[in-house]
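Enquirer: here's a sequence, model it:
(4 chains, ligands or ions: 2)
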Amino acid sequence: MKKIYLDYAATTPCHPEVIEEMLPFFNQIYGNPSSVYQLAQKAKGAIEEAREKVARLLNAEPEEIIFTGGGTEADNMAIKGVAFANKKRGNHIITSRIEHHAVINTCKWLEKQGLKVTYISVDKFGVIDLDELRKSLTDKTILISIMHANNEVGTIEPIQEIAKIARERGIYFHTDAVQTAGKVPIDVKESGIDMLSLSGHKLYGPKGIGALYVRKGVKISPLIHGGHHERNRRAGTENVPGIVGLGKACEIASKEMANEEKRLRELRDKLYKGLNERIDDIILNGHPHRRLPGILNICVKYVEGESMLINLDLEGICVSSGSACTSGSLEPSHVLLAMGVPAEVAHGSLRFSLGRNTTQKDIDRVISVLPSIVEKLRAISPFGKEAKSKEYRG
Amino acid sequence: MKKIYLDYAATTPCHPEVIEEMLPFFNQIYGNPSSVYQLAQKAKGAIEEAREKVARLLNAEPEEIIFTGGGTEADNMAIKGVAFANKKRGNHIITSRIEHHAVINTCKWLEKQGLKVTYISVDKFGVIDLDELRKSLTDKTILISIMHANNEVGTIEPIQEIAKIARERGIYFHTDAVQTAGKVPIDVKESGIDMLSLSGHKLYGPKGIGALYVRKGVKISPLIHGGHHERNRRAGTENVPGIVGLGKACEIASKEMANEEKRLRELRDKLYKGLNERIDDIILNGHPHRRLPGILNICVKYVEGESMLINLDLEGICVSSGSACTSGSLEPSHVLLAMGVPAEVAHGSLRFSLGRNTTQKDIDRVISVLPSIVEKLRAISPFGKEAKSKEYRG
Amino acid sequence: MKDQWALYSKKVMEHFKHPRNVGEIKNPDGVGRVGNPICGDVMELYIKVKDDKIVDAKFRTFGCGAAIATSSMVTEMVKGKTVKEALKISNRAVAEALDGLPPIKMHCSVLAEDALKAAIEDYLAKKNKKNK
Amino acid sequence: MKDQWALYSKKVMEHFKHPRNVGEIKNPDGVGRVGNPICGDVMELYIKVKDDKIVDAKFRTFGCGAAIATSSMVTEMVKGKTVKEALKISNRAVAEALDGLPPIKMHCSVLAEDALKAAIEDYLAKKNKKNK
Ligand SMILES: Cc1ncc(COP(=O)(O)O)c(C=O)c1O
Ligand SMILES: Cc1ncc(COP(=O)(O)O)c(C=O)c1O
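Expert: Residues are numbered from 1 along each chain as shown, chains lettered A, B, ... in the order given. Ligands and ions are numbered 1, 2, ... in the order given. Here you go, the predicted structure:
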């Protein structure tokens, strides 16, 4: 059975050219980039070339790119880095209710350290409330951290407007672009972004590598202390193969993004249309068009997400769910809740995320397989009989 | 010209079996370990197997192993983790003057955050002063962090005694074992170690992956916040290939360590003997026998380290120097200075570190090549004429 | 690497794929409903009792794979048992009968135990009423 | 990947491998000694001056690759120059003549400039004394 992978927002396979590019750095050009001899300087050179490629994807300067151990580390570094380096300027951070846990839990930790954090609401499409954001600004605000696009529903936030608000008040603006880098165009200069996180494994690069863009002049302190690596901003022997792989992935993305964006959007819309025609009581989550091209998030009423997901897996189809049960907590997706989706409906969410290898055939297969899975589970569900009736609380 | 790599303490090439083991995880078993479907659960399973292998190398329990982005991150996590989680118990940390910058600069940063840090002296062999350590204990001491073996000179510290002192007082003991893991036996249970850092790329695993052993019951807070990964102790999508590679590297090390230790010790001692016979005015740094098997650190008087190093590179020989000039600062090795080596002599240090692929022939080559390099540089040096004279301040 | 790494045991998957005793019992002797749709799992368990023995059991469940499998398993386990015996079925027993559950899913087995207890209590309450 | 990634340019390596003008000048007209062994680099620069023109220059250096190469280069550059012209040789000019130095090594070129200045000052001081 051919696997149909529709969870590209969770992680992506490495692009074959990425793997090829990385391989020599495991046991041929293996020198420590901090060393002086040629074997090491070649590794150092490869890092600098990768840095240029990452910078080019964002229209940044190479010196503004800091390699990290992933997207989560980049988020932590940006937020804690600003918090610790700007204590004298203030102690207030603004973020949103729909951020990734890498941002939310970092903010929660900072609250325990005495900082104040405001979590801005979103509308039913998952778009940040700009008025609420403006009103929550104080003299002590040092940072606004709002994601570029949400990882569950794909809604793209008005970051250019947010950047403007931040810049007018002399507040730093960080955006978690882990889901958007390499998927939609980003221009840090034009957008007025001060800091931006991205992650290798979301754009066909390897896992365990990421980058933080930090605009020249932004004051942040390191998250990881030690040697002089990354211009004293992130210590630790560089993950040379990972960095080289991320560089290659960014290079490929720069070239292929425009075509891929269009292709995925079409496939995704076909998928939704097909499912919507064949399954009753499904809801589209996220903004109808200001949304990442590859993401389709729906709620299927009266059934729970994981049980659909496992049935799909039995058919060789890999998707994800914002369902609580996938993480072992009882709370369903904080993103859907923030968008006003009732908890019992939110439990029935499914996220399809399309990518490089997704074909029309894959989409057709899902459309043909999911309806009978839903039917079967609704037959087991105590709410199944309520389908189409008004009794259901959803 | 065949490369002679003698900088295994800086980094190692990946073992071929490590690369082989990692490869499928780049684009075959590429699922995100947090996902539910089989593709992902296989990746999760591979992580847990790797965790067992790392645990076995240290005689730890698998749940006590946390994967990190490298040795530096592990050191940061241990020290900051204890500092932030034990604020109520105290604010004093004891470490040594010869720690890696990953430890020293983390401690310096904590000092800026208001903590107190004592840096213990070492004797001329680089062995920690246990009396000074005992005397510096206070009611507020929450952590002792002393490295297992020093990365520049290879001296092995009396960690069992230190662990005992710590345990008697209910103080946590962390050891940076980045240089020793996989090189000499470690038994965390028997030694009474509470936390231990190791790094993949020092033991023929990949760069950008490391691990922190944290004994059950030790209270530390995460360094990187976010998702539920690593039992809520280190957030971020797992670097699956890296983790698998580290696991394999630990498995190989468990098997080969004993033989390799003996072989390297012999080769290293031959190297020293050969150089000492052929070059005047060289000094052995580090403990004469309580020292890592693969490390030979010498000072060559009247010449500067980097200039030797580059001449050796021209002969295809890769070594390292504690010389200031390799890092761009003017201070020579803090380790040699702490051991009482005069600064002008410390500038002439060379570290040879032997490993898996080192042969007798490599050693012979170095012995035949280095003397003429030293001779040439001493002829250029204004102190060359002082060689063997008493005038030289060294 | 081990041959098979999976979230659920083969037994869990067996019961998930082919759940036993799905549905309702008309005129049941006891019904238990536990869980909460807001928390993501709800179990309804129906029992038919004859001479103090559970002769039939059925369920409906809204929940994850483990919730469905434990529901299926618990209905299998109670059939033929006396009410007293059935009351002794612990969540661990259900989990074990499924060759184990992942730690984060153990709460599903608790739910199964609770649903069974609730159904039996319902039966006992009704019986008491009748006897009075 | 670019063909050659290295710490030093080919020119630096050329001068490092085959440093020009190593040694001392007997009865020099000027000597400059700068740097400090404790900091890891010391340069000694000797000049011979005839009719206000530097006719010979030699050096001895304790230091890294860049220190040796800049010493070699600066001695080459001053030869044939008048004292006044030589005083205008900046550290940047030395670095440029070597096709650049890595940023962390720029201080070596400063040292070369300083050594040259010190040697010329020594020459001028001696000359002044003689002239008095
Ligand atoms: C003793 C010691 N500690 C820590 C580190 C840092 O480890 P990593 O390079 O994996 O960050 C190193 C090596 O660089 C080391 O030798
Ligand atoms: C929006 C967003 N931010 C941050 C992360 C974390 O990145 P990483 O998995 O590289 O740590 C992810 C994905 O996991 C994400 O989707």
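
Enquirer: can you get me a residue count around the residue of chain C found nearest chain B?
Expert: Proximity of chain C to chain B (C-beta to the nearest C-beta) peaks at C:W5, 2.6 Å away. Using the backbone N, CA and C atoms, a C-beta is placed for each residue, glycine as well. Residues within reach of C:W5, counting by other C-beta atoms under 10 Å in any protein chain shown, total 19.

Enquirer: from what I can see it touches B:I47, true?
Expert: No: using C-beta atoms under 8 Å, C:W5 makes no contact with B:I47, being 9.6 Å away.

Enquirer: got a list of what A:S349 touches?
Expert: The contact partners of A:S349, taken as C-beta atoms under 8 Å, 6 or more residues apart in numbering or on different chains, are A:152, A:285, A:297-300, A:305, A:321-323, A:332-333, A:336, A:341.

Enquirer: quick check: closest non-adjacent residue to it.
Expert: Excluding the flanking residues, the one nearest A:S349 by C-beta to C-beta, 6 or more residues apart in numbering or on different chains is A:G322, at 4.3 Å.

Enquirer: pLDDT value on the one you found, please?
Expert: Per-residue pLDDT puts A:G322 at 77.

Enquirer: picking up where we left off before, which one of the contacts of A:S349 is nearest to ligand 2?
Expert: Within the contacts of A:S349, the smallest distance to ligand 2 is 8.4 Å, found for A:E152 (C-beta to the nearest ligand atom).

Enquirer: okay, and the beta partners of the closest residue to A:G154 other than its chain neighbours?
Expert: If the residues on either side of it in the chain are set aside, A:G154 comes closest to A:I295, at 3.2 Å by C-beta to C-beta, 6+ apart. Taking DSSP bridges as the rule, A:I295 bridges to A:S353.

Enquirer: go ahead and confirm A:E190 touches A:A60.
Expert: No: A:E190 is beyond contact range of A:A60, at 11.3 Å (criterion: C-beta under 8 Å).

Enquirer: right, and the helix or strand after the strand or helix carrying A:V335?
Expert: Counting by DSSP states H and E, the element that carries A:V335 is helix A:334-338. For helix A:334-338, the following helix or strand on the C-terminal side (DSSP H and E) is helix A:343-346.

Enquirer: need the mean per-residue confidence for that following helix.
Expert: On average, helix A:343-346 scores 94.

Enquirer: torsion angles phi and psi at the closest residue to A:S35 other than its chain neighbours?
Expert: Sequence neighbours aside, B:A10 is the residue nearest to A:S35 in space, at 5.5 Å (criterion: C-beta to C-beta, 6+ apart). When read as degrees, to the nearest 10, the backbone of B:A10 gives phi -80, psi -50.

Enquirer: return the residues in contact with B:A10.
Expert: A:31-32, A:34-35, A:40, B:320, B:353.

Enquirer: could you check the pLDDT of it?
Expert: The model's pLDDT for B:A10 equals 96.

Enquirer: could you measure from it over to A:S34?
Expert: Distance, B:A10 to A:S34, using C-beta to C-beta, to the nearest Å: 7 Å.

Enquirer: now do C:L87
Expert: 68 Å.

Enquirer: same check on A:S136?
Expert: Relative to A:S34, and taking C-beta to C-beta, A:S136 is found at 44 Å.

Enquirer: between these two, which one's more packed in?
Expert: More crowded of A:S136 and A:S34, by other C-beta under 10 Å: A:S34, with 18 against 15.

Enquirer: which secondary structure element is home to that one?
Expert: Here A:S34, judged by DSSP H and E, is contained in no helix and no strand.

Enquirer: that one and A:G226 touch, don't they?
Expert: No: with contact defined as C-beta under 8 Å, A:S34 and A:G226 do not form a contacting pair (11.2 Å).

Enquirer: what's the nearest residue to C:K105 once chain neighbours are set aside sitting at in phi/psi?
Expert: Closest residue to C:K105 in three dimensions, ignoring its sequence neighbours and counting by C-beta to C-beta, 6+ apart: C:A66, at 4.0 Å. Backbone torsions of C:A66, given as degrees, to the nearest 10, read phi -70, psi -40.

Enquirer: where along chain C do the strands fall?
Expert: Secondary structure of chain C, counting by DSSP state E: strands at C:30-36, C:41-50, C:53-62.

Enquirer: contacts only, for residue 85.
Expert: Let's take chain A. Contacts of A:A85 (C-beta under 8 Å, 6+ apart): A:219-221.

Enquirer: chain C is the one I meant
Expert: Per C-beta under 8 Å, 6+ apart, neighbours of C:E85: none.

Enquirer: again, but for A:I93
Expert: By C-beta under 8 Å, 6+ apart, A:I93 lies in contact with A:79, A:82-83, A:107, A:110, A:115-118, A:141-145.

Enquirer: among those residues, which pair sits farthest apart?
Expert: Spanning the widest gap among the contacts of A:I93 are A:V82 and A:T118, at 15.1 Å by C-beta to C-beta.

Enquirer: residue 38: neighbour count?
Expert: Using chain A here. 21.

Enquirer: think we crossed wires, I meant chain C
Expert: There are 16 residues near C:I38, going by other C-beta under 10 Å.

Enquirer: so where's chain C shaky on pLDDT?
Expert: By pLDDT under 70, the weakly predicted segments of chain C are C:1-4.

Enquirer: look at the residue in chain A that chain D sits nearest to and report its pLDDT.
Expert: Relative to chain D, the nearest point of chain A is A:G45 (2.6 Å; C-beta to the nearest C-beta). Listed pLDDT for A:G45 reads 96.

Enquirer: hang on, it in a strand?
Expert: No: under the criterion used here (DSSP: H, G, I helix; E, B strand; the rest coil), A:G45 is helix, not part of a strand.

Enquirer: name the nearest residue to it, ignoring sequence neighbours.
Expert: Leaving aside its chain neighbours, A:G45 sits nearest to D:W5 (2.6 Å; criterion: C-beta to C-beta, 6+ apart).

Enquirer: please apply the same query to A:L39.
Expert: In space, and not counting its chain neighbours, A:L39 is closest to A:G31: 3.8 Å by C-beta to C-beta, 6+ apart.

Enquirer: the one you found touches B:D313, doesn't it?
Expert: No: the pair A:G31 and B:D313 fails to qualify as a contact (C-beta under 8 Å) at a distance of 10.4 Å.

Enquirer: any shared contact partners between the two?
Expert: Common neighbours of A:G31 and B:D313, counting by C-beta under 8 Å, 6+ apart, are A:Y37.
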